[in-house]
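Enquirer: pasting the sequence and the predicted coordinates here, then a few questions.
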Amino acid sequence: MSWQWFVVLGCLAGSGLVTSGGCRNRDGVSFFGIALQLAAGLTFLKTSWYPVRG
């Protein structure tokens with residue numbers, strides 16, 4: 001799987017976990033969703049942002 005798909009799926013899955021964790025008052029699920037979104041965002045910045053690679 002390429003990094004672009006990881007970023008898209010990571011953000012979508014993370015937002016779903018944050019939403020479901022918030023609806024059911026489960027802090028662990030929401031935390032994992034935020035961590036998944038953060039990992040996807042850092043992957044995006046690491047692989048596509050030119051000043052970081054330059």
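Expert: It's in.
Enquirer: name the spans of this structure whose pLDDT lies under the cut-off.
Expert: Within the chain, the segments meeting pLDDT under 70 span 1, 3, 49-54.
Enquirer: which non-adjacent residue is nearest the residue nearest the centre of the chain?
Expert: In the chain, the residue lying closest to the centroid (C-alpha atoms, centre = their mean) is Gln37, at 1.7 Å. Closest residue to Gln37 apart from its sequence neighbours, by C-beta to C-beta, 6 or more residues apart in numbering: Gly14 at 3.5 Å. The way it works is simple: take the backbone N, C-alpha and C, and place the C-beta from them, glycine included.
Enquirer: count of neighbours near the one you found?
Expert: 21 (other C-beta atoms under 10 Å).
Enquirer: residues in contact with it?
Expert: Going by C-beta atoms under 8 Å, 6 or more residues apart in numbering, Gly14 touches Gly33, Ile34, Ala35, Leu36, Gln37, Ala40.
Enquirer: likewise Trp5?
Expert: Contacts of Trp5 by C-beta under 8 Å, 6+ apart: none found.
Enquirer: what segments of the protein are helices?
Expert: 3-23, 27-48, 50-53 (DSSP state H).
Enquirer: so what's the closest residue in space to Ala39 that isn't next to it in sequence up against?
Expert: Excluding the flanking residues, the one nearest Ala39 by C-beta to C-beta, 6+ apart is Gly10, at 6.3 Å. Gly10 makes contacts with Leu36, Gln37, Ala39, Ala40, Thr43, as judged by C-beta under 8 Å, 6+ apart.
Enquirer: just the buried subset of the residues you listed, please.
Expert: Leu36, Gln37, Ala40 (16 or more other C-beta atoms under 10 Å).
Enquirer: show me what contacts the second one?
Expert: For Gln37, the contacting residues are Gly10, Cys11, Gly14, Ser15, Val18, by C-beta under 8 Å, 6+ apart.
Enquirer: quick check: it vs Ala13, distance?
Expert: 9 Å (C-beta to C-beta, to the nearest Å).
Enquirer: and the last one, by the same measure?
Expert: Counting by C-beta to C-beta, the gap from Ala40 to Ala13 is 9 Å.
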